[in-house]
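Trainee: The sequence and its predicted three-dimensional model are supplied below.
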Amino acid sequence: MIGAVATLAWNGFREARRNRVTVLVAAFAVALVMGAVLFTEATVSTLERVLTDLGLGSMSLMLTLLAIFLSSGLLSKEIERRTIFMVVSRGMFLLARLAGNMLTLGVILLLMALLFIAELAIYQFPLHQSDFVAMSVLWVELLLLSSFGFLMSSFSSQIVSAVVTTGIYFAGHLSGEIYNLSQKSASGFLRGLGKAVYYVLPNLEKLNFRPHAAYALRVSSDEILRSVLSGLGYSAVLIGLAVLVFSSRDFK
């Protein structure tokens with residue numbers, strides 16, 4: 001069983017690597033990180049801060065787009081090809097494909113991180129603990145978004161999955177603001193809705209340590225642990241739901 005899952009995951013990684021869109025997005029992401037050098041030439045006093053903010057920001061943006069693209073379209077393609085009917089266990093297939101996607105995202109994240117570190121070295125800027133934290137925890141955020149994308153694609157079309165997952169990304173980063181605004185409303189319904197949004201949707205800002213990195217603020221181990229466990233726990237619930245829905249779906 002483990003060998004079969006590993007084989008499917010590796011095949012998924014190879015397919016994603018050969019995908020032209022994946023290559024295009026990865027190349028564009030690298031170009032954005034390197035282009036940060038050009039933007040920071042205009043600022044001298046805040047050069048390190050702007051370089052860090054642009055570098056980590058471009059990583060997050062492009063990898064998020066790639067995660068949404070890969071997770072929302074993969075299952076629908078397998079259904080269209082009818083290859084899903086040759087799979088013994090749909091749950092195993094979904095987990096393997098998710099593992100392949102995360103391997104792809106992890107490799108690209110690692111390459112971009114190495115490039116970012118090289119840029120800091122060129123400018124003789126120190127690599128802070130918060131830089132490592134921001135880049136590492138970004139993978140957890142990508143896992144959470146990919147899990148939601150797989151859940152949506154287990155019962156809906158690629159376009160719907162991509163749109164909803166993109167909405168979850170923005171809502172997850174704005175959930176705190178949504179809650180604060182709703183609590184100022186005179187309507188009890190809006191206040192209740194704001195609370196529901198805050199507690200049901202994933203709070204992706206807890207996985208965002210880019211502001212800490214931009215200002216070289218050290219992140220405590222407790223904060224890192226809480227954020228990672230929260231992201232992994234939410235992802236586990238989404239993956240479990242995706243397996244249940246996908247396994248019980250009737251493709252006829």
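Mentor: It's in.
Trainee: Setting the sequence-adjacent residues aside, check what's closest to Pro205.
Mentor: Wrong residue type there; residue 205 is Glu, not Pro. Among residues not flanking Glu205 along the chain, His173 sits closest, at 5.6 Å (C-beta to C-beta, 6 or more residues apart in numbering). All C-beta atoms are positioned from the backbone trio N, CA, C, and that covers glycine.
Trainee: What distance do you get for the one you found to Leu244?
Mentor: Distance of His173 to Leu244, computed by C-beta to C-beta, to the nearest Å: 28 Å.
Trainee: who's more crowded, those two?
Mentor: Using other C-beta atoms under 10 Å, the more surrounded residue of His173 and Leu244 is His173, with 17 against 13.
Trainee: Can you tell me the element the more buried one falls in?
Mentor: Using DSSP states H and E, His173 falls within helix 158-183.
Trainee: Taking helix 158-183 as reference, get the angle to the lengthiest helix in the chain.
Mentor: In the chain, taking DSSP state H as the definition, the longest helix is helix 47-81. Between helix 47-81 and helix 158-183, the angle formed by their directions is 130 degrees, by axes from the mean of the first three to the mean of the last three C-alpha atoms, to 10 degrees.
Trainee: Which of the residues in helix 47-81 are classified as buried?
Mentor: Using 16 or more other C-beta atoms under 10 Å as the test for burial, helix 47-81 gives 48-60, 62-76, 78.
Trainee: rewinding a little: which SSE is immediately downstream of the helix holding His173?
Mentor: By DSSP H and E, the next helix or strand past helix 158-183 is helix 188-200.
Trainee: and the helix or strand just after that next one, what does it pack onto?
Mentor: Downstream of helix 188-200, the first helix or strand assigned by DSSP H and E is helix 210-214. Applying 3 or more C-beta pairs under 8 Å, 6 or more residues apart in numbering; DSSP states H and E, we find helix 210-214 packed against helix 47-81, helix 129-153.
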